[in-house]
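**Q** Would you be able to build a 3D model of this:
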Amino acid sequence: MVDLRIVAAGFAVALFSQAALASPELVRSKNCVACHHVERKMAGPSYKMIAERYAQDEAAAKVLSEKVMKGGAGNWGQMPMPPQPTVSQDEAEALVKWILSQR
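**A** Next up, the predicted model:
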């Protein structure tokens, strides 16, 4: 007989392993590259610029995740970052984690 606890644990591992992972693929799939580049400024700052600015900020991941989802303006000039309603909280956190690793 199959132990349902083992099946449930396996299901949970599979489910959580499918959660948003920090990666360039996620960045491309959410079209972040339309305005951002790893090394050079485009419509928005480069990922390296963002990572450097927030390197010592312990609240950066939370603040930037919110900014990804809700948008913002004024931190990098006049160009506002529009809200990204198709980005989930988990995806925003994964995106920011990857961006902050670009130093």
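**Q** So which helix or strand of this protein has the lowest pLDDT on average?
**A** Least confident helix or strand of the chain, by mean pLDDT, DSSP states H and E, is helix 4-17 with a mean of 44.
**Q** Touching the following helix or strand past that helix from outside, list them.
**A** Downstream of helix 4-17, the first helix or strand assigned by DSSP states H and E is helix 24-29. Contacts with helix 24-29, where a contact means C-beta atoms under 8 Å, 6 or more residues apart in numbering, come from Ala20, Val33, His36, Glu91, Ala94, Leu95, Trp98, Ile99. For every residue, glycine as well, the C-beta is placed using N, CA and C.
**Q** what's the helix or strand for the last one?
**A** Ile99 is part of helix 89-100, with elements assigned from DSSP H and E.
**Q** what's that helix packed up against?
**A** helix 24-29, helix 47-53, helix 60-70 (3 or more C-beta pairs under 8 Å, 6 or more residues apart in numbering; DSSP states H and E).
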